[in-house]
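J.: Predicted model follows, preceded by the sequence.
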Amino acid sequence: MNTKVIVIGSGFSSLSASCYLAKEGFDVTIFEKNDTVGGRARQLKRDGFTFDMGPSWYWMPDIFDRFFADFGKQTSDYYQLDKLDPAYKIFFEDDTITIGDCMDKICEEFERIEDGSSKHLRKFINTAQENYNIAINKIVLRPGLSPIELITPETITRVDQFFKTISSQVRKKFKNPKLISTLEFPVLFLGAKPNKTPSFYNFMNFADFGLGTWHPKGGMYEIIKAMKHLAEELGVKIKTNSPVDKIITKNGIANGVSCNGEIYQANVVLSGADYHHSETLLNKEERQYSENYWDKKTFAPSSLLFYIGLNKKLKNIEHHNLFFDTDFELHAKEIYDNPKWPKDPLFYANFPSITDKSMAPENCETAFFLIPIAPDLVDSKEIREHYFNLIMHRFQKQTKENITDSIIFKETFCVKEFKEEYNSYKGNAYGLANTLTQTAFLRPSLKSKKVENLFFTGQLTVPGPGVPPALISGKIVSQLIAKNAKQ
Ligand SMILES: Cc1cc2nc3c(=O)[nH]c(=O)nc-3n(C[C@H](O)[C@H](O)[C@H](O)COP(=O)(O)OP(=O)(O)OC[C@H]3O[C@@H](n4cnc5c(N)ncnc54)[C@H](O)[C@@H]3O)c2cc1C
């Protein structure tokens, strides 16, 4: 009889793990609490508008290519990818920076802002590329079981880069604050402040400028659809509307779950739900990490999100737009050091229908606004409205586009929904930040140290937040499960 695996959750990491496990011959069933798969990458469709509810930046295309190649497939078997040009635009108070789709264009833009900066930029991106190759080919596929995993001939010669920060590295060669903010932006995806992120992580700058920003036609949810399709082809069974309320154990071994009043038996349980929540499904003495442990961790921000349908087309904006027209230092403090509602936050605006007509009705625009905020803030309708008005005012001032009169509908999503819909710890949006003390073997373990045959995956484990890391996390945990099954 095949070894039965129950997978909790259907986010990127769970879908990835399920595909690999099914390929290895395991009998896999996914239990997802919501009515659709995809987790934080779910899709919202309304009145002809299509919204990716979470991720919208398709970075590191090589990771997606490798995922599908592991199953003898290519991304083009499932979705059409376009490289965006420009990749994105950043609005500062008195200027904009447009990031093109190749280094020559980006260097030209850097030179416009700061004489001589393009020479430093090329050097910086070259080292970032070296780090990318080391990270992706040598480190990231290791399960985070021991510090020895981080020791390779390449990392030994770069050990200083784990103790210096991105912030100090960027400031050494670039003086213009706009260029500094531009180069610090990619590590925000890792969930921590640039002055808390090791400079080795500048590989994110290579992901940004070197590999580019892509868009799957129809939106990021096309990737989820592709992975669901692949999983089902491989024999994975998917149960939606199936919230797991208990991980069943016997004599310290996981042997099933309870859901909707029924018990489902399995030989292995793998949870891709938020780690903290997953452990609450166990008896107290079976949990590895205390409430105090989680409380002390640096979590990636939560977000206040607005999904808006507009009945007009916009000019002066791109597919991806960052509004860095206020003080980032202050906003970062309000997220990490002294968590509170920010005074005047940076925000991100996404208009996928600028490049992809399939995402909005004719002569309309699909708009998604994201304000990063500290996790666990208490919000209200009034607070959401306050921030909506605040960013609308700044958006209209910066872009010289009037949109408030063209809004057909608006939906919001914040801490409360992150908790209710995904069982997210403190309503975090992107999991556990990648700081020096929360990297690799210092992250929550993929394999339970207290319960046999219980495993974890996802953005709170290795390698960390983001869609590409979620794909990798699923692969690594499936290898651990396969190894465990052979022992
Ligand atoms: C607003 C936002 C924007 C983002 N932007 C980007 C981006 O542009 N690019 C990028 O690469 N990444 C981005 N990310 C991060 C990326 O989306 C995540 O890192 C990734 O999707 C996490 O996948 P996961 O599998 O770890 O977790 P999740 O997607 O959270 O999956 C966990 C699943 O478990 C389910 N679940 C929870 N409890 C239970 C239970 N008891 N029983 C059954 N099921 C349960 C949940 O419903 C969910 O489906 C963004 C995230 C957010 C929220």
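T.: The structure has been received and is ready for your questions.

J.: and the lowest-mean-pLDDT helix or strand in the chain, what does it pack onto?
T.: When each helix and strand of the chain is scored by mean pLDDT, DSSP states H and E, helix 153-156 comes last, with a mean of 82. Secondary-structure packing of helix 153-156 (3 or more C-beta pairs under 8 Å, 6 or more residues apart in numbering; DSSP states H and E): helix 117-134. Bear in mind the C-beta positions are built from the backbone N, C-alpha and C, glycine included.

J.: what mean pLDDT does the helix it packs on have?
T.: Helix 117-134 carries an average pLDDT of 96.

J.: Just the C-alphas of that helix, formatted as PDB.
T.: The C-alpha coordinates for helix 117-134 follow below in PDB (Å, rounded to 0.1, in the frame of the first residue of the first chain):
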ATOM      1  CA  SER A 117      26.800  55.700 -10.700                       C
ATOM      2  CA  SER A 118      26.400  53.200 -13.600                       C
ATOM      3  CA  LYS A 119      30.000  52.000 -13.200                       C
ATOM      4  CA  HIS A 120      29.300  51.100  -9.500                       C
ATOM      5  CA  LEU A 121      26.000  49.700 -10.400                       C
ATOM      6  CA  ARG A 122      27.500  47.200 -12.900                       C
ATOM      7  CA  LYS A 123      30.000  46.100 -10.300                       C
ATOM      8  CA  PHE A 124      27.400  45.800  -7.600                       C
ATOM      9  CA  ILE A 125      25.100  43.700  -9.900                       C
ATOM     10  CA  ASN A 126      28.100  41.400 -10.900                       C
ATOM     11  CA  THR A 127      28.700  40.500  -7.200                       C
ATOM     12  CA  ALA A 128      24.900  40.200  -6.700                       C
ATOM     13  CA  GLN A 129      24.900  37.700  -9.600                       C
ATOM     14  CA  GLU A 130      27.700  35.700  -8.000                       C
ATOM     15  CA  ASN A 131      25.700  35.600  -4.800                       C
ATOM     16  CA  TYR A 132      22.600  34.600  -6.600                       C
ATOM     17  CA  ASN A 133      24.400  31.600  -8.200                       C
ATOM     18  CA  ILE A 134      25.800  30.500  -4.800                       C
END
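
J.: what residues does it touch?
T.: Contact partners of helix 117-134, identified using C-beta atoms under 8 Å, 6 or more residues apart in numbering, comprise 103, 106-108, 110-111, 152, 154-155, 158, 161, 170, 173-174, 176, 179, 183, 200-207, 209-210.

J.: just stretch 256-267 next, same as before
T.: 3-6, 8, 29, 31, 239, 241-248, 254-255, 269, 281, 453, 485.

J.: Is the ligand within reach of that stretch?
T.: No: applying C-beta under 6 Å from any ligand atom, one finds stretch 256-267 separated from the ligand by no less than 7.2 Å.

J.: Show me which residues of that stretch are buried.
T.: For stretch 256-267, burial by neighbour count (16 or more other C-beta atoms under 10 Å) applies to 256-257, 259, 264, 266-267.

J.: Kindly indicate which of those lies nearest the ligand.
T.: Taking C-beta to the nearest ligand atom as the measure, the ligand lies nearest Cys259 of those, at 7.2 Å.

J.: mean confidence for stretch 265-281?
T.: Mean predicted lDDT for stretch 265-281 stands at 98.

J.: do stretch 448-459 as well
T.: Stretch 448-459 comes out at a mean pLDDT of 98.

J.: hmm, it touching the ligand?
T.: Yes: with C-beta under 6 Å from any ligand atom as the criterion, the ligand is reached by stretch 448-459 at 458-459.

J.: got it, and stretch 224-240?
T.: No: applying C-beta under 6 Å from any ligand atom, one finds stretch 224-240 separated from the ligand by no less than 9.0 Å.

J.: Distance from the chain centre to stretch 61-68, please.
T.: Stretch 61-68 sits 16 Å away from the centroid of its parent chain (C-alpha atoms, centre = their mean, to the nearest Å).

J.: Equivalent analysis for stretch 209-225, please.
T.: Distance of stretch 209-225 from the chain centroid (C-alpha atoms, centre = their mean) equals 13 Å.

J.: Show me what counts as buried in it.
T.: 209-216, 218-225.

J.: Return the closest of these with respect to the ligand.
T.: Of all the buried residues of stretch 209-225, Met220 has the smallest distance to the ligand: 7.5 Å, by C-beta to the nearest ligand atom.

J.: Mark which of the contacts of helix 117-134 are buried, thanks.
T.: For these, buried by 16+ other C-beta under 10 Å: 106-107, 110, 155, 158, 161, 170, 173-174, 179, 183, 200-207, 209-210.

J.: who in the stretch 51-200 of the chain is up against the ligand?
T.: So the stretch 51-200 of the chain meets the ligand at 54-57 (C-beta under 6 Å from any ligand atom).

J.: among the residues you listed, which two are most distant?
T.: Gly54 and Trp57 (10.5 Å; C-beta to C-beta).

J.: Contacts only, for the residue of the stretch 101-250 of the chain at minimum distance from the ligand.
T.: Proximity to the ligand, evaluated over the stretch 101-250 of the chain using C-beta to the nearest ligand atom, is greatest for Val244 at 3.8 Å. By C-beta under 8 Å, 6+ apart, the contact list for Val244 reads 6, 8, 31, 33, 257-259, 271, 273, 281.

J.: coming back round to it: tell me which entries of the buried ones among the contacts of helix 117-134 lie within helices.
T.: In helices, defined here by DSSP state H, the members of the buried ones among the contacts of helix 117-134 are 106-107, 110, 155, 170, 173, 179, 183, 203-205.

J.: Excluding residues flanking it in the chain, which one is nearest Arg196?
T.: Rather than Arg, residue 196 is Lys. Spatial nearest neighbour of Lys196, chain neighbours left out: Thr435 (5.0 Å); criterion: C-beta to C-beta, 6 or more residues apart in numbering.

J.: Could you tell me how many residues sit around the one you found?
T.: 20 (other C-beta atoms under 10 Å).

J.: How about the contacts made by it?
T.: Contacts for Thr435 (C-beta under 8 Å, 6+ apart) come out as 192, 196-197, 298.

J.: mind listing what Val269 touches?
T.: 5-6, 8, 247, 254-257, 453-455.

J.: Now, these that are in strands?
T.: Among the contacts of Val269, DSSP state E puts 5-6, 8, 247, 254-257, 454-455 in strands.

J.: nearest to the ligand, of those?
T.: Ile8 (4.8 Å).

J.: how far away is that closest one from Asn255?
T.: Distance, Ile8 to Asn255, by C-beta to C-beta, to the nearest Å: 14 Å.

J.: With Ile354 instead?
T.: From Ile354 across to Asn255, the span is 51 Å (C-beta to C-beta).

J.: cool, and Glu385?
T.: Separation of Glu385 from Asn255 (C-beta to C-beta) stands at 49 Å.

J.: Tell me which of those two has more neighbours.
T.: Asn255 (22 against 12).

J.: List the contacts of that one.
T.: By C-beta under 8 Å, 6+ apart, the contact list for Asn255 reads 248-249, 265-267, 269, 453.

J.: 6 Å instead, please
T.: Neighbouring residues of Asn255 by C-beta atoms under 6 Å, 6 or more residues apart in numbering: Ile248.
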